[in-house]
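# The following block contains a protein sequence and its predicted model.
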Amino acid sequence: MSDILNKILDVKAEEIRAAKKQRDFASLRRDVESDSELRSELRSFEGSLRDKIAAGHAGVIAEVKKASPSKGVIRPDFRPADIAVSYAQHGAACLSVLTDEQFFQGAPEYLRQARAACALPVIRKDFMVDLYQVYQARSWGADAILLIVAALDHGLMAELEACAHELGMSVLVEVHDAAELDAALKLKTRLLGINNRNLRTFETTLDTTLGLLPRIPPEKLVVTESAIATPDDVKRMRDADVHAFLVGEAFMRAPEPGVELARLFA
Ligand SMILES: O=P(O)(O)OC[C@@H](O)[C@@H](O)c1c[nH]c2ccccc12
């Protein structure tokens, strides 16, 4: 079994070392904490998702993703600002922007461009393993971060969460199985992502979400992630009382991503 997650985490460690040489942690932290404009411009990621759902809609986190390790380039003509506008016009609750460069051909600049083009809150989609990345995310304007349980031990995960919350960001914690769910439930965040894709094998099944649901306390907001491709997939989830979705590929392959969002969630 080729373990892509471990490979990604090795590259991350190297990237973080290099970034810290360019700009040390103390100075990044100081800049972020003293920037009152940055703080006042925060958008509520969790709030936006909950508002959509309270109004009876699906809460859609629409992803801005050029490529992935499993699929290669998904969207050759990749213009993050246009994609963000299209999503916002067609009812997305939030944006997810890949910032990983090596494996997803993402970039911090894409997050900035997408966020500047609309009024939606944005999550930094990356593999977070260091406090440095949490401050980086905020310095780029991110309103939320993703924490992947498979990539973190509990102490570090709690530390990253506390830091994000202190900076005013939401935290989406991502799990794939029951053991990871138990770990995630020890965190404070109420945003619980269930990834239908196994990050070690890339296999996908919506049964992953359905199977874990009975173990999740009612105060948690479940976000079903990956492999949502048809109106029938959406119906299966909503029938099971799952109303928040993270969708990338299905939108990125459509000529007009927002139109596909409206079609899928009509
Ligand atoms: O493109 P899809 O199958 O709709 O999936 C989106 C999103 O769930 C996926 O990109 C994702 C979920 N968790 C991740 C962690 C890292 C990178 C990417 C991801």
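That came in fine, so what should we check first?

# So which bits of the stretch 101-250 of the chain are right by the ligand?
125, 148, 174, 195, 225-228, 246-250 (Cβ under 6 Å from any ligand atom). All C-beta atoms are positioned from the backbone trio N, CA, C, and that covers glycine.

# Could you name the helices and strands sitting against the lengthiest helix in the chain?
The single longest helix within the chain, with elements called by DSSP state H, is helix 4-22. When contacts are defined as 3 or more Cβ pairs under 8 Å, 6 or more residues apart in numbering; DSSP states H and E, helix 4-22 packs onto helix 131-139.

# now the helix it packs on and helix 4-22, what's the angle there?
For helix 131-139 against helix 4-22, the angle by axes from the mean of the first three to the mean of the last three Cα atoms, to 10 degrees is 80 degrees.

# What residues of helix 131-139 count as buried?
Residues of helix 131-139 classed as buried under the neighbour-count rule (16 or more other Cβ atoms under 10 Å) are 131, 132, 133, 134, 135, 136, 137, 138, 139.

# For it, give the mean pLDDT please.
For helix 131-139, the mean pLDDT works out to 98.

# try stretch 225-235
98.

# do the same with stretch 56-69
98.

# what do you get for stretch 92-99?
Mean predicted confidence for stretch 92-99 is 99.

# What about the residues of the stretch 101-250 of the chain next to the ligand, which are in helices?
Counting by DSSP H, those place 249, 250 in helices.

# tell me the two of the residues of the stretch 101-250 of the chain next to the ligand that are most distant?
Longest distance between any two of these is 21.3 Å, between 148 and 250; criterion Cβ to Cβ.

# Bridged to residue 246, which residues?
Counting by DSSP bridges, residue 246 forms beta bridges with residue 61, residue 225.

# Using neighbour counts, pick out the buried residues of stretch 201-212.
Buried residues in stretch 201-212, counted by 16+ other Cβ under 10 Å: 204, 206, 208, 209, 210, 212.

# distance between the ends of it?
End-to-end span of stretch 201-212 (Cα to Cα, to the nearest Å): 19 Å.

# mind checking how far it is from the chain centre?
17 Å (Cα atoms, centre = their mean, to the nearest Å).

# Stretch 135-147 now?
From the chain centre to the centre of stretch 135-147 is a distance of 10 Å (Cα atoms, centre = their mean).

# residues near the residue of the stretch 151-266 of the chain found nearest the ligand, how many?
The minimum distance from the stretch 151-266 of the chain to the ligand, using Cβ to the nearest ligand atom, falls at residue 248 (2.9 Å). Residue 248: 25 surrounding residues under other Cβ atoms under 10 Å.

# Now do the contacts for it.
Contacts for residue 248 (Cβ atoms under 8 Å, 6 or more residues apart in numbering) come out as 63, 65, 68, 74, 96, 226.

# at 10 Å what do you get?
Contacts for residue 248 were tallied using Cβ atoms under 10 Å, 6 or more residues apart in numbering; they are 61-65, 68, 71, 74-75, 96, 98, 104, 125, 225-228, 257.

# What of residue 182?
149, 175, 215.

# ditto for residue 58
49, 52, 91-93, 228, 234, 237-238, 242-245, 247, 261, 264-265.

# what's the nearest residue to it if we skip its chain neighbours?
Nearest residue to residue 58, sequence neighbours excluded (Cβ to Cβ, 6 or more residues apart in numbering): residue 265, at 4.8 Å.

# Then residue 110?
In space, and not counting its chain neighbours, residue 110 is closest to residue 80: 4.3 Å by Cβ to Cβ, 6+ apart.

# and that neighbour, how many neighbours?
By other Cβ under 10 Å, 24 other residues sit near residue 80.

# Check residue 245 too.
Neighbour count for residue 245, taken as other Cβ under 10 Å: 26.

# Residue 59 is in contact with that one, correct?
Yes: with contact defined as Cβ atoms under 10 Å, residue 245 reaches residue 59; the gap is 7.1 Å.
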